[in-house]
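# quick one: sequence plus predicted model below, questions after.
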Amino acid sequence: MKDKIRQLEEEARADLVRIDSADAADVFRVAYLGKKGKLTELFKRLGAVPADEKKAVGAELNRVKQWLESAVEGFRQKAPNKGVPDAAFDETLPGIRPPQGSIHLLQQTIREISGIFNRMGFETVEGPEIETEFHNFTALNIPLNHPSRDAFDTFYTTHGQLLRSQTSPVQIRVMKERRPPLKIIAPGRVYRPDTVDASHSFMFHQIEGLMVDDRVTFSDLKGILHLFLRELFGSSTRIRFRPHFFPFTEPSVEVDIQWGKGWLEILGAGNVDPHVFEEVGYDASVVRGLAFGLGVERIAMLRHGINDIRHFYENDLRFLRQFA
Amino acid sequence: MKISTNWLKDFVELAPPLSRIADRLTMAGLEVKQCETLKTPSDTLFEIEITSNRPDWLSHWGVAREIAAVENLSLKNPGVDPETGRMPPPGWEIRIKDAAGCPYYTGVLIEGITETKTPEFIVSRLLACGIRSVHLIVDITNYVLLEVGQPLHAFDADLIRNKEIVVRRPKGGEKFTGINGAEMTLKSEDLVIADRERAIALAGVMGGKDSEITDKTRNVFLESAFFDPGRVRKTSRTHLLSSDASYRFERRVDPEAVDIGRSRALALIQKYGKPRHISAVIKAGEKPQLEVKTVQLKSSDVKQILGVDIKPSQIALILGRLGLEVKQCSGNTPDMAPSKTEQGIWRVGIPSFRPDLTRPVDLVEEIARIYGYENIPETLPPREPLTVGESPRLGLENKVRNFLSNAGLSETVTFSLVSEDGLDPEKDLKHAVQIINPLQHGLHWMRPTLVTSLLNVIQKNVNAANADSVAIFEIANTYSAPDAHKHPVEERICAIAMYGKKAEQTWLDAARSVTFYDLKGAVEAVLRAAGCSEWCVAKAEKSYFSPGVAEELRLWQTPVALMGEVSAVLREQWGLKEPVFYAEISLEKLTEQARRVRTFKEWPKYPAIERDLSLVVKESVKSGDLTGEIRGLGQGLIREVMLFDLFRGKRVPEGYKNLAFRIVYQSAERTLVSGEAQEIHDQIARTLVQKYQASFQT
């Protein structure tokens, strides 16, 4: 029985190819599906099939029946052009674009950087943008008379708070809330009263990183940052570690990447200064930490060849959509 | 700062090429930004950038000292030892009335200068560093400032009244005219050098016009002092005055350089000015001492911090090269048998020019610098993720960002600081956070809403980019201080704005304008994406929305989204011709209500029966009320009520509208008989006719 079905299927397939008009389709239908059609005949013989095969054979017959019916229906609809290609079809017409928006390039950059550190086991956390002097300066070992505390370099609110001038206060908040070990990164907006020009803005984005345990060293910092920069800029990226000064790290380092013939500063880092640990109530003789901070705009500008920081905040759709 | 390498050679040997030395300095933390070659006289200039902890590098001698340390060379000192008189000048007196502002002040009287021509090497070196030659005495003070880092000031001694020098705070409203000719009113926290009658210099910042050195000057009073860094900085900032002197004082000069600088200047003045007599030095106050004069260091500190083993002998050598005094501690006496792991303990003496070195870790950094950061190996700590998850808020934020960008909206980043344009001082700004020192005029509010920021973006795109369709969103904070005694509150929101065409016209579809309901649909979709399935709608009001065209969505009584049509007033203010629709979704509140994991629900397997219901009601009847009513009357057999048409006009009388609902009847337990559904359907129709004065009209 099964062979018969298969044979019929093959015959039908051969006949289908030859159908070129609605009439031919009708003849085909009668020949297979009519009262005395070939398939109908097979259905009639279903009763003779042994009971244990009946179900399977019946299903097979139904499948063929459905296929033939839909094939006939298809030919009916196409019948007017009698199998001739549809002249109205124009394969060169443009497709209809589905709606396409975009994620802001700065957010994409934050995602990418955070992603690399997340995979290294750093957890993304956030902190407030309106901060206290303690979190933004004092706890970070920035002396009371330090110029960065001036109203020339930091925005202050009428109630004595300030707009954080760096993402570093998030370090302080997390350390005050939790005990070591810690591995965090903190992206976000920061503010400094810089006059806006092609490379400055009074609001920009930073990503802060912090790792605290009882053994991490400066050589680990080098290893982590080199791995990160290779991930972000490619495995052949050349970098150098240059001594620098930050009040909240000791030793401190600036990391440059080779860019064309020269070097470009890409991030600042260092071992967490013992004063910072004291400010958050950690035992500075036991805990060790490393911290780093980088500017999101700077990295996005370098990677995408953007020459003016203002593009990021003007939100011209012609800019935004380039990075969809 | 520009450094002349010719000048450096006075103190240290420079083995060519100079570019190698520049690199070495950069890699030791004294960054050489640029090398510049001069022809006459032949010289190479280093443009250096100095970190705020190293004011000792703000001079040629200081830079030479660093080169000597890095290159392991010996350092020469500047020539001093002038022949000065034994006696202080008769009648002259220095009094410090503000010891906090000026702990140490010295002066000397130089009489009868005979030569005033500045020697060529001084002129050219000053010029190379960007300073024009003006007068022998002034040139020498500038020269010493650039050479040893000590700012000096020379007064015309004959213009100091009563031979009296007083270091004091200004008197109320005291006026002062600087050598730049500008008159200023002094503040009480300023510090002045005065004679008996008036201020003759703003301490550490600028000399006075009426005591300055001129061509007529024959007798000079030379000042060399230590002024408090904070006070100088404050004065400099208050009066917007900055000078080479204030730049150094505010970063702290080396107290020892007060004497060295003065002696160096006197030696030069004696040689080139040929004065008749130089008095003995008059001193007032005390040289400030370092708070920490010695630091104890163990070689194990170095290993623990840097992660590299550096031999104790090499550590001691490096510290010595930096000009620190290194003494083995008694704990490690020579008669002790040297242990396998060599451990060094030292008492390290800190010189007066390095107040930044107070702790072992500071010395470790010095060792690392000279050892070379590049020679420290790279290692990776064992990779143990401490947490693997992300905060639910950030997770939701990313989901919303993906969803909206895929729905055709572009994400923006706009400034958190806004002006009051478009905002109501009472309703919007009452609890807003204000900045006291805005950068740009007017931008002094931490925005309580993003509506004006997004209006700016729409305006920009319509005007500059000729856009006829703008659909944007931004995820950012809003700020408020409802309680002035508490820290301000920040709330993460997602703001959405739509303007102009809903979709671009294509060859297949016509364009149509965006409506309020496109915005509402997007907001609802965000709620659904967050895992919410039910919410209620309530009317809302905001200063920036058109009256009556605003609503909020609530989850369990908590408003999570607010939306409406931007008022005609604002639209006009921003010059926008078409309606603008704006929404804010609180991601904070939505996170609390969101469901991260959804439970599977089986769908009914029995067939459904669809019936349409088209009726005419007064405009005041709300479609949502009708939907609710229909559901309520469904005896639990209605699976879905969908509004599929809404129209006015034609055969619908003025003040009425025609609503068409498709009702899907379905039971979870059995196959519904069509008569059963019809009976409920008819009952619903009768009730609506009665309760809402609805009529059927098609």
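Sure thing, it's come through.

# what segments of the stretch 151-300 of chain A are helices?
With DSSP state H, counting those that start in this stretch, the ranges of helices along the stretch 151-300 of chain A come out as A:169-177, A:218-233, A:274-279, A:296-304.

# nearest to B:Ala257, of those helices?
helix A:274-279 (27.4 Å; C-beta to C-beta). Any C-beta I mention is one placed from the backbone N, CA and C, and that applies to glycine too.

# flag every buried residue along the closest one.
A:Pro274, A:His275, A:Val276, A:Phe277, A:Glu279 (16 or more other C-beta atoms under 10 Å in any protein chain shown).

# please verify my assumption that the fourth one contacts A:Ser285.
No. Checked against C-beta atoms under 8 Å, the pair A:Phe277 and A:Ser285 is beyond contact range at 9.0 Å.

# so for chain B, the centremost residue is which one?
By C-alpha atoms, centre = their mean, the mean C-alpha position of chain B lies nearest to B:Leu439, the distance being 12.6 Å.

# need the contact list for the spatially closest residue to that one that is not a sequence neighbour.
Leaving aside its sequence neighbours, B:Leu439 sits nearest to A:Pro193 (C-beta to C-beta, 6 or more residues apart in numbering or on different chains; 4.4 Å). By C-beta atoms under 8 Å, 6 or more residues apart in numbering or on different chains, the contact set of A:Pro193 is A:Ala151, A:Phe152, A:Asp153, A:Thr154, A:Phe155, A:Phe202, B:Asn437, B:Leu439.

# show me where the stretch 1-150 of chain A has helices.
Under DSSP H, counting those that start in this stretch, the stretch 1-150 of chain A gives helices at A:2-18, A:22-33, A:38-44, A:51-78, A:105-119, A:133-136.

# can I get these in JSON lines with distance to chain B, mean pLDDT and mean neighbour count?
Converted to JSON lines, these look like this (distance: least, C-beta to the nearest C-beta, whole Å; pLDDT from 0 to 100; neighbours: other C-beta atoms under 10 Å in any protein chain shown):
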{"stretch": "helix A:2-18", "distance to chain B": "31", "mean pLDDT": "83", "mean neighbour count": "13"}
{"stretch": "helix A:22-33", "distance to chain B": "27", "mean pLDDT": "82", "mean neighbour count": "17"}
{"stretch": "helix A:38-44", "distance to chain B": "27", "mean pLDDT": "85", "mean neighbour count": "15"}
{"stretch": "helix A:51-78", "distance to chain B": "21", "mean pLDDT": "81", "mean neighbour count": "14"}
{"stretch": "helix A:105-119", "distance to chain B": "5", "mean pLDDT": "96", "mean neighbour count": "19"}
{"stretch": "helix A:133-136", "distance to chain B": "11", "mean pLDDT": "95", "mean neighbour count": "18"}
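
# got a markdown table for these, with distance to B:Gly107 too?
Converted to a markdown table, the helices of the stretch 1-150 of chain A look like this (distance: least, C-beta to C-beta, whole Å):
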| stretch | distance to B:Gly107 |
| --- | --- |
| helix A:2-18 | 114 |
| helix A:22-33 | 117 |
| helix A:38-44 | 121 |
| helix A:51-78 | 109 |
| helix A:105-119 | 57 |
| helix A:133-136 | 39 |
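
# wait, which of those is closest to B:Val560?
helix A:105-119 (22.1 Å).

# which residues touch that closest one?
With contact meaning C-beta under 8 Å, 6+ apart, helix A:105-119 is reached by A:103, A:124, A:185, A:187, A:205, A:207, A:209, A:228, A:231-232, A:294, A:296-297, A:299-300, A:303-304, A:312, A:320, A:323, B:390, B:398, B:401, B:411, B:413, B:475.

# for the contacts of A:Pro193, which one is nearest B:Arg20?
Closest to B:Arg20, out of all of these and judged by C-beta to C-beta, is A:Asp153, at 36.0 Å.

# quick one: that closest one and A:His146 touch, right?
No. With contacts counted by C-beta under 8 Å, A:Asp153 stays clear of A:His146, the gap being 9.1 Å.

# end-to-end on stretch B:11-30?
End-to-end distance of stretch B:11-30 (C-alpha to C-alpha, to the nearest Å): 18 Å.

# next: stretch B:236-243.
8 Å.

# same question for stretch B:166-181.
Terminal residues of stretch B:166-181 are spaced 22 Å apart (C-alpha to C-alpha).

# please report how far the closest residue to B:Thr358 other than its chain neighbours lies from A:Ala291.
Using C-beta to C-beta, 6+ apart and skipping residues adjacent in sequence, the residue nearest B:Thr358 is B:Val292, 4.2 Å away. B:Val292 is 24 Å from A:Ala291, where distance means C-beta to C-beta, to the nearest Å.

# which one of these two is surrounded by more residues?
A:Ala291 (25 against 11; other C-beta atoms under 10 Å in any protein chain shown).

# got the contact list for the more buried one?
Applying C-beta under 8 Å, 6+ apart, the residues near A:Ala291 are A:Ser168, A:Gln171, A:Glu208, A:Gly209, A:Leu210, A:Met211, A:Phe248, A:Thr249, A:Ala269, A:Gly270, A:Asn271, A:Val272.

# just those: which are in strands?
A:Glu208, A:Gly209, A:Leu210, A:Met211, A:Thr249, A:Ala269, A:Gly270, A:Asn271, A:Val272 (DSSP state E).

# which member of these is positioned nearest chain B?
A:Asn271 (6.0 Å; C-beta to the nearest C-beta).

# now do the closest one, the pLDDT please.
Per-residue confidence (pLDDT) for A:Asn271: 97.

# ok, B:Thr116 touching B:Ser133?
No. The criterion here is C-beta under 8 Å, and B:Thr116 misses it with B:Ser133 at 11.1 Å.

# what is the neighbour count of B:Val462?
B:Val462, neighbours per other C-beta under 10 Å, totals 20.

# count the residues that sit near B:Val413.
Residues near B:Val413, counting by other C-beta under 10 Å: 24.

# what's the answer for the one 3 residues further on, then?
When neighbours are defined as other C-beta under 10 Å, B:Ser416 has 24 of them.

# how about B:Ser623?
13.

# do you know how far it is from chain A?
Going from B:Ser623 to chain A by C-beta to the nearest C-beta, to the nearest Å gives 26 Å.

# residues from the stretch 251-400 of chain B in reach of chain A?
By the rule C-beta under 8 Å from any C-beta of the partner chain, the part of the stretch 251-400 of chain B lying against chain A is B:304-308, B:359, B:361-362, B:364-365, B:368-369, B:373-374, B:376-381, B:383-391, B:394, B:398.

# partner residues bridging A:Gly270?
A:Ser252, A:Ala291 (DSSP bridges).

# can you count the residues close to A:Gln171?
Neighbours of A:Gln171 (other C-beta under 10 Å): 29.

# leaving out chain neighbours, which residue sits closest to it?
A:Leu210 (4.7 Å).

# for the one you found, which residues are in contact?
A:Leu210 touches A:Gln171, A:Val174, A:Met175, A:Leu182, A:Lys183, A:Ile184, A:Ile185, A:Ala186, A:Val272, A:Gly289, A:Leu290, A:Ala291, counting by C-beta under 8 Å, 6+ apart.
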